[in-house]
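Peer 1: predicted model, plus sequence, below.
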Amino acid sequence: MPDRECMKKQGNNDRIRSFICSWYHDDEGELGQLYRSAVSRDVPVIRQDMRELLRLLLSMHRPGRILEIGTAVGYSALFMNSCLPEAEITTLELDSVRAKEAREHFQAFGKESVIRLIEGDAAKVLETLPGTYDFVFIDAAKAQYDSYFRLLRRLVHPGTVVVSDNVLQEGNILESHFSVEKRDRTIHDRMRDYLRMLTATPGLVTTILDVGDGAAITFISEEWVKGTEAI
């Protein structure tokens, strides 16, 4: 009976998510074409409900400077630009092939002046960026999230919002270490440690949402920005 009830609950959760997503509208025009092209080629792009969460957060917070870690082919940066055309966006991408495609998309959309793409290892690039950012979107190598976040301290200010995507790892995060495929255990363990850090560190206010493949929304306080404790 418990297994049957669990399956019923999972089925209801899927139906609820489908119902919620049915109210959202697809992107129109060239942005919609870019999204569909990326999905058809199995390029990782944000999911529909994650997109709508970003739209809400950007509309509420209205950041002037946005940092994205993980460009892929540029869809999410272009989407954020469509929400806040006046915002300055810096996006980082390690893969040279995807960076080249993203740069072409930014030029085709006429956005190369407001979306700055930096190609390279984010862990190294983050050490060189000037100024601070009002909004950070992390959607890159999942096993490196903790390292990226540690490097953000000098790049954020009290009130900065950090969004970490794909933190539920298709449900793998729920399983024990040895229940996960051996090849996925490092990512599994590091993501668990990352979520523990986000929710237990003084000065970080975090909520974890079952949106897309899981999203952690973190509010940066003055206590954390000025703190010197290890995280």
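Peer 2: Arrived safely, thanks for sending.
Peer 1: skip ahead from the helix or strand of the chain with the lowest mean pLDDT and say which helix or strand is next.
Peer 2: Least confident helix or strand, the chain: helix 2-21 with a mean of 62, by mean pLDDT, DSSP states H and E. Counting by DSSP states H and E, the element after helix 2-21 in chain order, helix or strand, is helix 29-40.
Peer 1: quick one: the helices in this structure?
Peer 2: Ranges of helices within the chain are 2-21, 29-40, 48-61, 75-83, 96-108, 122-125, 145-150, 185-200, 222-226, based on DSSP state H.
Peer 1: tell me which of the ones you listed approaches L168 most closely.
Peer 2: helix 185-200 (8.5 Å; Cβ to Cβ). All C-beta spots, glycine's among them, are computed from the backbone N, C-alpha and C.
Peer 1: CA atoms only: put the closest one into CSV for me.
Peer 2: In CSV, the C-alpha atoms belonging to helix 185-200 read as follows (Å, rounded to 0.1, in the frame of the first residue of the first chain):
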residue,chain,number,x,y,z
ARG,A,185,28.3,10.2,-6.9
THR,A,186,30.7,13.2,-6.9
ILE,A,187,28.1,15.6,-8.3
HIS,A,188,25.5,14.1,-5.9
ASP,A,189,27.7,14.5,-2.8
ARG,A,190,28.9,18.0,-3.8
MET,A,191,25.4,19.2,-4.5
ARG,A,192,24.2,18.0,-1.1
ASP,A,193,27.1,19.8,0.5
TYR,A,194,26.3,22.9,-1.5
LEU,A,195,22.6,22.9,-0.3
ARG,A,196,23.8,22.4,3.2
MET,A,197,26.1,25.4,3.0
LEU,A,198,23.4,27.6,1.5
THR,A,199,20.9,26.8,4.2
ALA,A,200,23.2,26.7,7.2
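Peer 1: which strands or helices does that helix pack on?
Peer 2: helix 145-150, strand 204-209, strand 215-220 (3 or more Cβ pairs under 8 Å, 6 or more residues apart in numbering; DSSP states H and E).
Peer 1: so which of the ones you listed comes closest to M50?
Peer 2: strand 215-220 (6.2 Å).
Peer 1: what's that closest one in contact with?
Peer 2: By Cβ atoms under 8 Å, 6 or more residues apart in numbering, the surrounding residues in contact with strand 215-220 are 50, 53, 57, 156-165, 167, 195, 198, 203-209.
Peer 1: stretch 51-69: how far from the chain's middle?
Peer 2: Computed by Cα atoms, centre = their mean, to the nearest Å, the separation of stretch 51-69 from the middle of its chain amounts to 11 Å.
Peer 1: picking that back up, could you identify which of the helices and strands packed on helix 185-200 is most buried?
Peer 2: Comparing the helices and strands packed on helix 185-200 by mean neighbour count (mean count of other Cβ atoms under 10 Å), strand 215-220 ranks first with a mean of 21.
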